[in-house]
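> The following comprises the amino acid sequence and a computationally predicted model.
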2 protein chains.
Amino acid sequence: MKAKDQIKLLVVDDHPTFRMGLVALVESQTDMTVAAEAGDGKSAMDLFRQKKPDVVLMDLRMPGQGGVETILALLKEFPSARVIVVTTYDLDEDIFRAIQAGAKSYLLKDMPREQIIATIRDVHHGKHKLPPGVLSRLEERSRRQELTEREMEILQLIVKGRSNKEISSALFISEDTVKYHLKTLFTKLGVQDRTEAAISAVRHGIVHLE
Amino acid sequence: MKAKDQIKLLVVDDHPTFRMGLVALVESQTDMTVAAEAGDGKSAMDLFRQKKPDVVLMDLRMPGQGGVETILALLKEFPSARVIVVTTYDLDEDIFRAIQAGAKSYLLKDMPREQIIATIRDVHHGKHKLPPGVLSRLEERSRRQELTEREMEILQLIVKGRSNKEISSALFISEDTVKYHLKTLFTKLGVQDRTEAAISAVRHGIVHLE
DNA sequence: CCGCGATTCACCCATTCGGGTAGTTTTGCG
DNA sequence: CGCAAAACTACCCGAATGGGTGAATCGCGG
């Protein structure tokens, strides 16, 4: 197979060993090759400008600039760039944001090698089919109502274990207002109380721990 | 370098791509080689019996038999086996249980390649030094008081968002008793209320989501 | 057999929480 | 400008929660 026919890839992941696995996987195929590797969003941008890869494999959780921000920046500069997200966490919110940002597909790190390879070929050929498991999560996400900014702030404080009083003073609003937001928050998340809300937020990736 | 001088490794991880990365990493070194790969605990046991590797690299979260159970079973049959845990989650409880089970070291999947290689050599030579980050988490874990079985049950239900009344009927005890356990639970975890308890339990890996 | 930790239950009390209703202000968009 | 959504505040009320105290039972190891 001639080199010019090969799919040129950029691999972006801050885990050195996993990145090595992706590279080994890609290089084991005759019709694709890794043009460059990056460990963070910034150098990913630089390397894309230099190498102009056909497809980018991108992790979402990275130090510094996150994956979603990088996708956004990349597509702004190169609207035709094709990005496949390959990440550990199958959290609804991450998937949703990545697809919203313009990722062509979303794979999980524990998926079989054949599926990763097949998806690279598909995306390179312009298709962007999502794996069934990922698709169902995306649907679940879209069934959930959008949270307002204020509700997000409050939800984050809930996850930090703050009481209504603490939240009210942290946001410079009355305790009643906090309770008001909580009510709508509970119905949107489909939960009964703050503990369920906190767990649900973490489980769906609306709020990240740490 | 003669083959008999090489460190023989068994790599156990259910993520095909990460496993590929570990294999590529090991094979890039002249003094070590991968004797076998396994995607779950059961086949890891089989392959250990066949190949008798010098060192085992083992993930913790695996379908079916988990990592800790596998380590326990392995060391019961082969007390001299040397197991290094290589896992994604740097949760205090996982680390603690793995070391308790007899793992010689505990690495995180996002660690640099050199550190993984160096640890393999160290463990093969009988050392079992833990990386500083892991060590500090282990110390934090040991500062925490041990939870009783009952407290664990209740904590799990708290994470599921159950109310005191629901917990009491689920465990066939009075609501007052639930409240009693919660008190000691709160002090042991160093938290103020059930929401903090739930988050803390998830963060430290005492209770797993999903 | 004694002690100790774990578990169980009860009662009281103050605080917090969650639900309902009602109203004003702010903000963004057509 | 005018409307709609979001944000904010207040009040009431019942339920849930968390803290304190006291006490009985059970099982296990010294």
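Received the coordinates, thanks.

> So for the lowest-mean-pLDDT helix or strand in chain A, what gets flagged as buried?
Within chain A, no helix or strand scores below helix A:132-143, which has a mean of 86 by mean pLDDT, DSSP states H and E. By neighbour count with 16 or more other CB atoms under 10 Å in any protein chain shown, helix A:132-143 contains the buried residues A:134, A:137, A:138, A:141. The way it works is simple: take the backbone N, C-alpha and C, and place the C-beta from them, glycine included.

> between those residues, which is closest to DNA strand C?
Nearest to DNA strand C among those is residue A:141, at 22.6 Å by CB to the nearest atom of the strand.

> hang on, the earlier thing: after the least confident helix or strand of chain A, which helix or strand is next? Please name it.
helix A:149-159 (DSSP states H and E).

> Tell me who's in contact with residue A:163.
Under the criterion of CB atoms under 8 Å, 6 or more residues apart in numbering or on different chains, the neighbours of residue A:163 are B:192, B:193.

> can you tell me how far it sits from residue A:179?
Look at residue A:163 and residue A:179: by CB to CB, to the nearest Å, they are 11 Å apart.

> cool, and residue A:152?
For residue A:152 relative to residue A:179 (CB to CB), the value is 17 Å.

> Dump the buried residues of helix A:132-143 into CSV; add distance to residue B:60 as well.
Formatted as CSV, the buried residues of helix A:132-143 follow (distance: CB to CB, whole Å):
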residue, distance to residue B:60
A:134, 24
A:137, 24
A:138, 28
A:141, 28
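
> Which of those residues sits closest to residue B:57?
Nearest to residue B:57, judged by CB to CB, of these is residue A:134 at 28.4 Å.

> wait, that closest one sits on residue A:92?
No: Residue A:134 is beyond contact range of residue A:92, at 9.7 Å (criterion: CB atoms under 8 Å).

> Mind pulling up the pLDDT for residue A:59?
Looking at residue A:59, its pLDDT reads 95.

> Distance of it relative to residue A:34?
Counting by CB to CB, the gap from residue A:59 to residue A:34 is 15 Å.

> Between those two, which is the more surrounded one?
Neighbours were tallied for residue A:59 and for residue A:34 using other CB atoms under 10 Å in any protein chain shown; the higher tally belongs to residue A:59 (26 against 20).

> What ranges does chain A have for its strands?
Residue ranges of the strands in chain A, as given by DSSP state E, are A:7-12, A:32-38, A:55-58, A:83-87, A:105-108.

> Of these, which stretch is the most buried?
strand A:55-58 (a mean of 26; mean count of other CB atoms under 10 Å in any protein chain shown).

> So the least confident helix or strand of chain A, near chain B or not?
No: using CB under 8 Å from any CB of the partner chain, helix A:132-143 stays clear of chain B, with a minimum separation of 12.8 Å.

> Would you pull up the residue in chain A closest to chain B?
residue A:21 (2.8 Å; CB to the nearest CB).

> That residue: how many residues sit nearby?
28.

> Now for it: which residues touch it?
Residue A:21 neighbours (CB under 8 Å, 6+ apart): B:17, B:18, B:19, B:20, B:21, B:22, B:24.

> so can I have TSV of those showing pLDDT and distance to residue A:168?
Output for those, formatted as TSV (pLDDT from 0 to 100; distance: CB to CB, whole Å):
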residue	pLDDT	distance to residue A:168
B:17	96	47
B:18	96	45
B:19	97	50
B:20	96	51
B:21	96	48
B:22	97	50
B:24	97	54
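
> What about the residue nearest to residue A:129 when sequence neighbours are not counted, how many residues nearby?
In this structure, residue A:129 finds its nearest non-sequential neighbour in residue A:122, 6.1 Å apart by CB to CB, 6 or more residues apart in numbering or on different chains. For residue A:122, the neighbour count with other CB under 10 Å is 16.

> Distance of residue A:122 relative to residue A:99?
Distance of residue A:122 to residue A:99, given as CB to CB: 15 Å.
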